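Engineer: Structure of the sequence below:
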Amino acid sequence: MDRAELATFLRGRRERISPADVGLPAGQRRRTPGLRREEVAQLAYISTEYYTRLEQARGPHPSREVLGGLARALRLSDAERSYLHQLAGVPPGPPPGPSREVRPSIQLMLDRLPQAAAFVTSATLEVIAWNGLAAALMEDWSALPRRERNLARRAFLGPEAPGDRLYGVSDADEFARSATARLRVTAARFPGDPEVTVLIDELVAGSPEFAELWAAGDVQTTRTLRKSFQHPLVGLVTVNCDALDLTDQDQQVVVYTAEPGSSSEDALRLLSVIGTQNMTVPT
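Structural biologist: Now for the predicted structure:
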């Protein structure tokens with residue numbers, strides 16, 4: 001345990017966080033930047049005296065639970081969390097769960113692809129970020145509760161007829177196999193995570209297809225380079241499909257583009273104008 005460096009690291013991370021970042025009132029007479037020691041202790045569920053001793057390089061050996069509380073309170077990244085454990089001489093446990101935080105630069109990239117439908121999925125295949133064209137081509141995820149934004153739930157438990165499932169996409173069966181394999185890898189990476197466990201149990205119980213694929217034990221995913229959507233407004237849209245792995249986040253960026261000069265390019269251009277508005281005529 002490197003007490004001196006641990007103290008320096010904790011103090012530096014504390015001073016860079018504003019009260020507003022963690023939902024605390026700023027108050028008055030803050031003589032130093034960032035949070036107060038008692039505020040960090042409160043957020044980490046430890047005593048102020050204990051935290052103060054850690055910052056003064058005279059604290060006892062912290063447990064993994066204490067380090068987890070400090071990592072949450074100080075909003076540490078995965079790299080910072082790992083470094084905290086190294087300083088404390090405590091091997092880090094498994095990651096706390098699949099990340100749903102999308103880097104601002106990734107969201108900015110999505111927004112700057114106006115001619116491509118692009119979105120981000122988490123390790124559990126939840127759609128966690130998207131641009132306007134992706135919503136127009138597939139679904140307006142902003143109008144859905146979080147649990148219904150999961151593509152695995154949509155593929156295996158969706159209400160559509162078999163031929164129309166997953167937005168009428170041509171590779172629905174291939175996606176089902178790859179999704180199952182990806183969830184198996186996720187379950188191994190985040191053992192015991194309640195959200196992952198609930199999702200898999202729900203799919204096994206509700207979908208004989210998923211239960212059969214899950215029992216097969218495959219972990220090899222396949223990449224589809226080209227697929228077609230049957231869109232209710234613009235008809236058949238054929239796109240190139242590129243999936244980019246964000247390995248540090250266990251996330252994936254999916255980008256759909258149409259061939260230049262094709263009817264599908266015209267369809268995407270029309271969808272970019274229509275957006276997610278309902279074009280049906282009331283009777």
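
Engineer: Per-residue pLDDT of the residue nearest to residue 88 when sequence neighbours are not counted, please?
Structural biologist: Nearest non-adjacent residue to residue 88, counting by CB to CB, 6 or more residues apart in numbering: residue 62, 5.3 Å away. Yep, even glycine has a C-beta here, placed from its N, CA and C like the rest. Predicted confidence (pLDDT) for residue 62: 85.

Engineer: Same question for residue 62, what's its three-state structure.
Structural biologist: coil (DSSP: H, G, I helix; E, B strand; the rest coil).

Engineer: Residue 102 too?
Structural biologist: From three-state DSSP, the assignment for residue 102 is coil.

Engineer: and if you look at the one 4 residues further on?
Structural biologist: At residue 106 the chain is in helix, as set by three-state DSSP.

Engineer: re earlier: can you name the residues that contact the residue nearest to residue 88?
Structural biologist: 54, 70, 88, 90 (CB atoms under 8 Å, 6 or more residues apart in numbering).

Engineer: one more time with 7 Å, if that's ok
Structural biologist: 54, 88, 90 (CB atoms under 7 Å, 6 or more residues apart in numbering).

Engineer: and residue 115, how many residues sit next to it?
Structural biologist: Using other CB atoms under 10 Å, residue 115 is surrounded by 12 other residues.

Engineer: separation between it and residue 148?
Structural biologist: 28 Å (CB to CB, to the nearest Å).

Engineer: Then residue 229?
Structural biologist: 19 Å.

Engineer: Likewise for residue 197?
Structural biologist: According to CB to CB, residue 197 and residue 148 sit 19 Å apart.

Engineer: buried ones in the helix or strand harbouring residue 38?
Structural biologist: Using DSSP states H and E, residue 38 falls within helix 37-44. Buried residues in helix 37-44, counted by 16 or more other CB atoms under 10 Å: 37, 39, 40, 41, 42, 43, 44.

Engineer: List the buried residues of the next helix or strand after it.
Structural biologist: Sequence-wise, the next helix or strand downstream of helix 37-44 (DSSP H and E) is helix 48-55. Using 16+ other CB under 10 Å as the test for burial, helix 48-55 gives 51, 54, 55.

Engineer: The first one: what's it in contact with?
Structural biologist: In this structure, residue 51 makes contact with 37, 40, 41, 44, judged by CB under 7 Å, 6+ apart.

Engineer: so what's it closest to, chain neighbours aside?
Structural biologist: Using CB to CB, 6+ apart, the closest residue to residue 51 is residue 41 (4.1 Å).

Engineer: Check residue 167 too.
Structural biologist: Leaving aside its sequence neighbours, residue 167 sits nearest to residue 138 (CB to CB, 6+ apart; 4.9 Å).

Engineer: any idea how far the residue nearest to residue 88 is from residue 149?
Structural biologist: Residue 62 is 37 Å from residue 149, by CB to CB.

Engineer: now do residue 242
Structural biologist: For residue 242, the distance to residue 149 - CB to CB - is 21 Å.

Engineer: Just want to know which of these two has more residues nearby.
Structural biologist: residue 149 (20 against 14).

Engineer: okay, that one: pLDDT?
Structural biologist: 93.

Engineer: Tell me who's in contact with it.
Structural biologist: 126, 127, 141.

Engineer: Residue 237: helix or strand, and which one exactly?
Structural biologist: strand 235-246.

Engineer: now for the helix or strand just after that strand, which elements pack on it?
Structural biologist: Toward the C-terminus, strand 235-246 is succeeded by strand 251-257 as the next helix or strand (DSSP H and E). Applying 3 or more CB pairs under 7 Å, 6 or more residues apart in numbering; DSSP states H and E, we find strand 251-257 packed against strand 117-121, strand 235-246.
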